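Trainee: here's a sequence, model it:
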Amino acid sequence: MIKSERIGEIRKFLLARTLAGRAVYFTTAYFVDGLMVDTGCVFTIRELVDALDGLEVATIVNTHSHEDHTAANSALQAKYGAEILAHTDALPILADPRLKPLRPYQHVMWGRPPSSKGSPIPPYLETTRYRFQVIHTPGHSADHICLFEPDQGWLFVGDAYVGGFDRSLRADYNIWQIIDSLKKLAWLKPAVLFPGSGTVRSNAYEELASKIDYLETMGHRVDELYRKGWSRRRIRRKLFGPEMFIAYFTLGHFSGRNLVRSYIEDRAG
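Mentor: Here you go, the predicted structure:
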């Protein structure tokens, strides 16, 4: 399934596999001035290629190497001769996606992307009309980057920012790195967030500041209770409630338990 929308100069593409006629989980790709930011999952390759027909894709930037952001790389490269750019750590995974094994839920929702050949992204990226600053934002993944266009105030944030109040975390995320990356992005004072989750936010700084405040507050509360001798399970139940459905669907890979673990184990120092 694909849904497209124009937001000024930017085209937004919501992409998702459908099961029984319903979208499973939307991710988002963006196109502006010849630049494609992310390319969706394997189940939406053809739809995205068709939706871009008549445009000229000169450059593809992957915000990170996860399977729901990279799958149409090779198809778009073959059609347009587009250059693929990503963080250096992402390049081996783009070339051989089997280096990052997928769990059953990832196969169901997004599938394994075809291999693609990319190059290291430079500190700044220029299109015909715009100049983007490249910001390394680990936490969601070690190879995560964001793109900031200061004159427009656009921040293509990938999965470095996800809205809402987190009650769970994937096992390989680092909550303290996520917080540090959000602070780095907030310092830029962006005007508009273009996240991988698809909900474009025009009060960008306020959204980032609110998210940082929530995550830091919960981190302090986890630390306080842990120092009092509370078990991790008890902390999770007190602060984040019962495990959400996603914990069971992902067989514990995405859970409140992992959020508490990261708060306790991943704090620097």
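Trainee: shaky segments in the stretch 151-269 of the chain?
Mentor: Scanning the stretch 151-269 of the chain for pLDDT under 70 picks out 269.
Trainee: in the stretch 51-200 of the chain, which spans are strands?
Mentor: In the stretch 51-200 of the chain, the segments counted as strands under DSSP state E, counting those that start in this stretch are 59-61, 83-86, 119-120, 124-126, 131-136, 145-149, 154-158, 169-170, 192-195.
Trainee: pull out the buried residues from the fifth one.
Mentor: Residues 132, 134-136 are the ones in strand 131-136 that count as buried (16 or more other C-beta atoms under 10 Å). All C-beta spots, glycine's among them, are computed from the backbone N, C-alpha and C.
Trainee: same deal with the fourth one?
Mentor: Residues of strand 124-126 classed as buried: L125 (neighbour count, 16+ other C-beta under 10 Å).
Trainee: tell me what that strand is packed against?
Mentor: The helices and strands touching strand 124-126, judged by 3 or more C-beta pairs under 8 Å, 6 or more residues apart in numbering; DSSP states H and E, are strand 131-136.
Trainee: tell me the one among the buried residues of strand 131-136 nearest to I235.
Mentor: Nearest to I235 among those, counting by C-beta to C-beta, is H136 at 30.7 Å.
Trainee: so what pLDDT did that closest one get?
Mentor: pLDDT recorded at H136 is 98.
Trainee: near the closest residue to it other than its chain neighbours, how many other residues are there?
Mentor: Leaving out its chain neighbours, the residue that sits closest to H136 by C-beta to C-beta, 6 or more residues apart in numbering is I145, at 5.7 Å. Per other C-beta atoms under 10 Å, the neighbour tally for I145 reads 25.
Trainee: try G196
Mentor: G196: 24 surrounding residues under other C-beta under 10 Å.
Trainee: that one and G81, how far apart?
Mentor: Here G196 is placed at a distance of 25 Å from G81 (C-beta to C-beta, to the nearest Å).
Trainee: regarding this protein, what is its longest helix?
Mentor: In the chain, taking DSSP state H as the definition, the longest helix is helix 204-227.
Trainee: circling back to that earlier point, my guess is the residue nearest to H136 meets L85, correct?
Mentor: No: under the criterion of C-beta atoms under 8 Å, I145 makes no contact with L85, lying 9.2 Å away.
Trainee: kindly export stretch 68-76 (C-alpha atoms) in CSV.
Mentor: Taking Å, rounded to 0.1, in the frame of the first residue of the first chain, the C-alpha atoms of stretch 68-76 are listed here in CSV:
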residue,chain,number,x,y,z
ASP,A,68,11.9,-0.9,6.2
HIS,A,69,14.1,2.0,4.9
THR,A,70,16.3,0.5,2.2
ALA,A,71,14.4,-2.0,0.0
ALA,A,72,13.8,0.0,-3.1
ASN,A,73,17.4,1.2,-3.3
SER,A,74,18.5,-1.1,-6.1
ALA,A,75,15.3,-0.7,-8.1
LEU,A,76,15.6,3.1,-8.1
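Trainee: quick one: that stretch to chain centroid distance?
Mentor: Computed by C-alpha atoms, centre = their mean, to the nearest Å, the chain-centroid distance of stretch 68-76 equals 15 Å.
Trainee: may I see the buried residues of that stretch?
Mentor: For stretch 68-76, the neighbour count (16+ other C-beta under 10 Å) marks 68-76 as buried.
Trainee: now do stretch 223-242
Mentor: Using 16+ other C-beta under 10 Å as the test for burial, stretch 223-242 gives 225-226, 230, 232, 235-236, 239-240.
Trainee: for it, how far is the first residue from the last?
Mentor: Counting by C-alpha to C-alpha, to the nearest Å, you get 19 Å between the two ends of stretch 223-242.
Trainee: quick check, distance from it to the centre of its chain.
Mentor: Its chain's C-alpha centre and that of stretch 223-242 lie 28 Å apart, by C-alpha atoms, centre = their mean.
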